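In: Mind folding the following:
(2 chains)
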Amino acid sequence: MIGRIFLAALAAGLLAGVFVSGAQMLKVVPLIHMAEQYEGESPNPAPHSHNSASTDAHHHHGDAWAPGDGFERMAFTVLTNILASVGFGLLLAAGMALRGQLVGWRNGIIWGGCGYLAFSFLPALGLPPELPGMAAGDLAGRQTWWLMTAASSAGGIALILLAPKWAFRVLGAALLIMPHFVGAPHPHEFDSNVPAELAAQYVTASLVTAGLFWLLLGGLVAQFIDRGLSAE
Amino acid sequence: MMDQVQQASITTPLSLQQRVTAALCALMLGSFLVFGVGMANSDTLHNAAHDGRHAFAFPCH
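Out: Numbers count the residues shown, from 1 in each chain, chains lettered A, B, ... in the order given. The predicted structure is shown next:
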């Protein structure tokens, strides 16, 4: 049983990860590379308010290993996407297993849409998808806010759609709204050299690509879980 | 609409305990992967996952 669910998430994550890697090559990754040309040019020597080890504005942190430009870098991006995709697929599979019903790929797409809301769309309301070199608040603070928002939104959506009583649905709505009252950490000054045009293109390209990815992932996870459990 | 869809779906032949165990395992491994790819504070991991982190809009830099 556990094996079937893990296998389903693995297969769905692999396929959706390959798909999203292709989709990102169209606009998202070229925009990241374009923005990097502006990243090192900041007139201000300390453009980020970091407090961790990652204090330089460049995408290559410190002396640590980094993939070489070209094929190597692309290969690691594909690997990253597949691992993230399997991870997100497992989270969806966990929800579906708790639900305890065969979901079907059509409903799976709805589950994927909910995953998109929780892990991409709603966090983007506080922390818009960010190009290298853009002004941003403290990293640890942003990561904490992102994690809290994703978890709170996922719980909120689940309560609104699946809870049997209205009191739980109201609680779900409160969970959805709460992170945005807390507010995401933002930089105190905006001293980025990345053109606003690039940043705007990046936000839409990134959100649309992520949306397609989540819909596909949800449909695939549901389809593969159903198939695995029917075979049991 | 959701209610109709839910009524039409078939209940899986699994006990509550099986489902909760599976869900918890999937939740833990899934969170581990997402955290490692998107958030882990290691320079090497960050550099390898850089474009993917930006593309998925994880907080980066």
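In: Could you report the neighbour count for A:Asn193?
Out: A:Asn193 has 18 neighbours, counted by other Cβ atoms under 10 Å in any protein chain shown. Using the backbone N, CA and C atoms, a C-beta is placed for each residue, glycine as well.
In: typo on my end, B:Cys60
Out: Taking other Cβ under 10 Å as the neighbour definition, B:Cys60 ends up with a count of 26.
In: So which residues of chain B form helices?
Out: With helices called from DSSP state H, chain B shows them at B:2-8, B:16-38, B:43-55.
In: Take those helices and lay them out in JSON lines including mean neighbour count.
Out: Formatted as JSON lines, the helices of chain B follow (neighbours: other Cβ atoms under 10 Å in any protein chain shown):
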{"stretch": "helix B:2-8", "mean neighbour count": "10"}
{"stretch": "helix B:16-38", "mean neighbour count": "18"}
{"stretch": "helix B:43-55", "mean neighbour count": "23"}
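In: Figure out which of the ones you listed is closest to A:Phe76.
Out: Minimum separation from A:Phe76 across the helices of chain B (Cβ to Cβ) falls at helix B:43-55, 4.7 Å.
In: Other residues contacting the closest one?
Out: Judged by Cβ atoms under 8 Å, 6 or more residues apart in numbering or on different chains, the contacts made with helix B:43-55 from elsewhere in the structure are A:20, A:24, A:28-29, A:32, A:53-54, A:59-62, A:64-67, A:73, A:76-77, A:79-81, A:84, A:129-132, A:206, A:209-210, B:36-38, B:40, B:60.
In: From these, keep the buried residues only.
Out: When those are checked for burial by 16 or more other Cβ atoms under 10 Å in any protein chain shown, the buried set is A:20, A:24, A:28-29, A:32, A:54, A:59, A:61, A:66-67, A:73, A:76-77, A:79-81, A:84, A:129-132, A:206, A:209-210, B:36-38, B:60.
In: In helices only, show me those residues.
Out: Taking DSSP H, the ones among these that sit in helices are A:20, A:24, A:28-29, A:32, A:73, A:76-77, A:79-81, A:84, A:206, A:209-210, B:36-38.
In: what helices or strands is the helix or strand containing A:Ile5 leaning on?
Out: Here A:Ile5 sits within helix A:2-26, counting by DSSP states H and E. Helices and strands touching helix A:2-26, as assessed by 3 or more Cβ pairs under 8 Å, 6 or more residues apart in numbering or on different chains; DSSP states H and E, comprise helix A:71-99, helix A:196-230, helix B:16-38, helix B:43-55.
In: Skipping its backbone neighbours, what lies nearest the residue nearest to the spatial centre of chain B in space?
Out: Residue closest to the mean C-alpha point of chain B, counted by Cα atoms, centre = their mean, is B:Gly30 at 4.0 Å. Once its chain neighbours are removed from consideration, B:Gly30 has its nearest residue in A:Leu90; the separation is 3.0 Å (Cβ to Cβ, 6 or more residues apart in numbering or on different chains).
In: Count the neighbours of the one you found for me.
Out: A:Leu90 has 29 neighbouring residues, counting by other Cβ under 10 Å.
In: wait, it sits on B:Ala23?
Out: No: proximity of A:Leu90 to B:Ala23 does not meet the contact threshold set by Cβ atoms under 8 Å, at 9.9 Å.
In: what about stretch A:1-16, average pLDDT?
Out: Averaging pLDDT along stretch A:1-16 yields 92.
In: quick one: contacts of stretch A:163-170?
Out: Looking at stretch A:163-170 with Cβ under 8 Å, 6+ apart, the contacting residues turn out to be A:Leu159, A:Ile160, A:Gly172.
In: buried ones in that stretch?
Out: By neighbour count, and taking 16+ other Cβ under 10 Å as the criterion, the buried residues in stretch A:163-170 are A:Arg169.
In: Then stretch A:126-143?
Out: Buried positions in stretch A:126-143, judged by neighbour count with 16+ other Cβ under 10 Å: A:126-139, A:141-143.
In: so can I have TSV of the helices and strands packed on helix A:2-26 showing mean pLDDT and distance to A:Leu147?
Out: Output for the helices and strands packed on helix A:2-26, formatted as TSV (pLDDT from 0 to 100; distance: least, Cβ to Cβ, whole Å):
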stretch	mean pLDDT	distance to A:Leu147
helix A:71-99	95	13
helix A:196-230	94	17
helix B:16-38	93	8
helix B:43-55	91	14
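In: A:Ala184 is nearest to which of these?
Out: With respect to A:Ala184, and counting by Cβ to Cβ, the nearest of the helices and strands packed on helix A:2-26 is helix A:196-230 at 14.6 Å.
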